[in-house]
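J.: Need coordinates for the below:
(chains A and B)
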Amino acid sequence: MIPLHWYVGLASALFCIGVCGFLTRRNLIMMLLSAELMLNAVNLNLVAMSYYLESLRGHAFTFFIITVAAAEAAIGLGIAIALYQHRRSVHTDSFTDLKG
Amino acid sequence: MFIPIYFWYSAFVIVLCGILAISLRNPVHSVLAVLVLFFHMAGLYLLLQAEFLAAVQIIVYAGAILVLYLFVLFLVNLKEELKLSAFVPGVWLGRGIAAGLFVLLIWMLPSFTSGIKGNWPSAAVSQAGHTKALGGELFTTYLIPFEIAGLILLVALVGSLVLAARIEGEQSGRSGKRDQNEHPALPPHQEEVQP
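T.: I've put the predicted structure just below:
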């Protein structure tokens, strides 16, 4: 029987890896991928909690998070392509144009 | 004996692939590392008796979302990915923030106290089947969130179409202008196009 803390520790490590990638990379697609890593860490946390607390609530939350992650990936990559077509660059400096 | 070894193997591969994914210079290699990470995450879901979520993880994450990332990476020009200054001033500041957050989370971990247990112990889930149990919960307790999730997917679909259509409109407008410049003898509506 694996203790719950191992799963939570692993999820914390993965979340911090995602935070590090989000802060250090400048490529917009890599930042979105780091956000996916963070969402996966939260999913693992929810599923482990749900297993050890004998409930299905975390599984339902994980299901909805996967849905939202799919929508976020579609919209984010659509914005990335629009920015790329507009500025021929996918770096985040292009977002300064959105300030008007 | 087998289960802790499997957990440590999966944890090692997940952390290694995560670090590789954020440190590799080529984004395609990063996406492939994340693919391996998602497969091992599905393995951990199997260990936690979440078979349906493991299947969804492989089908949706590894099958749909990462393929979408790969399509976009092949659409945009990778050679234009240049090194710029970091999101926070200095790469090591970002790494320090992440490491500090990790230490903080691990430090707060022993103060976790488990809450009230639900009515789905692992024996009941394995007896009913995870798909059936989760489906029952989704269609009874979480019916309204399920509908909202469908609405979110519809919004994402319409949003993607709107973004793509705007790009097409801009391109056709640009090519139309170029045609007008190439054929100046033709009398287009230049007064309206260029006020």
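
J.: and the residue in chain A that chain B sits nearest to, what does it touch?
T.: Taking C-beta to the nearest C-beta as the measure, chain A has A:S55 as its residue closest to chain B, at 2.7 Å. To be clear about C-beta, it is placed using only N, CA and C from the backbone, and glycine gets the same treatment. Going by C-beta atoms under 8 Å, 6 or more residues apart in numbering or on different chains, A:S55 touches B:K117, B:G118, B:N119, B:W120.

J.: Does the second one belong to a helix, a strand or coil?
T.: Put plainly, it is B:G118. What DSSP: H, G, I helix; E, B strand; the rest coil gives for B:G118 is coil.

J.: one step back: quick one: which helix or strand includes the residue of chain A closest to chain B?
T.: Element membership of A:S55 [criterion: DSSP states H and E] is none; it lies in no helix or strand.

J.: State the pLDDT value of it.
T.: Model confidence at A:S55, expressed as pLDDT, equals 88.

J.: With B:G115 instead?
T.: Predicted confidence (pLDDT) at B:G115: the value is 80.

J.: Tell me how many other residues crowd the residue nearest to it when sequence neighbours are not counted.
T.: For B:G115, the nearest residue in space outside its immediate sequence neighbours is A:L53; the separation is 6.3 Å by C-beta to C-beta, 6 or more residues apart in numbering or on different chains. When neighbours are defined as other C-beta atoms under 10 Å in any protein chain shown, A:L53 has 18 of them.

J.: Now do the contacts for A:L53.
T.: If you count contacts by C-beta under 8 Å, 6+ apart, A:L53 has them with B:S114, B:G115, B:I116, B:K117, B:G118.

J.: The first one belongs to a helix?
T.: No - checked against three-state DSSP, B:S114 lies outside a helix; its state is coil.

J.: hang on, isn't it packed against A:Y52?
T.: Yes - counting by C-beta atoms under 8 Å, B:S114 does reach A:Y52; the two are 6.9 Å apart.

J.: okay, and the common contacts of those two?
T.: Common neighbours of B:S114 and A:Y52 (criterion: C-beta under 8 Å, 6+ apart): A:L4.

J.: okay, these two: which has more neighbours?
T.: In this view B:S114 and A:Y52 are compared by other C-beta under 10 Å, and A:Y52 has more residues nearby, 20 against 10.

J.: picking up where we left off before, let's see if you can find the most crowded of the contacts of A:S55.
T.: Among the contacts of A:S55, where neighbours are counted by other C-beta under 10 Å, the top count belongs to B:W120, at 22 neighbours.

J.: burial measure for the nearest residue to it once chain neighbours are set aside, as a count.
T.: By the measure of C-beta to C-beta, 6+ apart, the closest residue to B:W120 outside its immediate chain neighbours is A:L56, 4.8 Å from it. Residues contacting A:L56 under the criterion other C-beta under 10 Å number 25.

J.: and A:V68, what is it in contact with?
T.: B:A149, B:I152.

J.: tell me the secondary structure for the closest residue to B:A50 other than its chain neighbours?
T.: Nearest residue to B:A50 in three dimensions, chain neighbours excluded: A:V47, at 5.3 Å (C-beta to C-beta, 6+ apart). Using three-state DSSP, the structure places A:V47 in helix.

J.: Just to check, B:V91 is in contact with A:T24?
T.: Yes - with contact defined as C-beta under 8 Å, B:V91 reaches A:T24; the gap is 4.9 Å.

J.: Any stretches of chain B with poor pLDDT?
T.: Screening chain B residue by residue with the criterion pLDDT under 70, one finds the ranges B:77-87, B:166-195.
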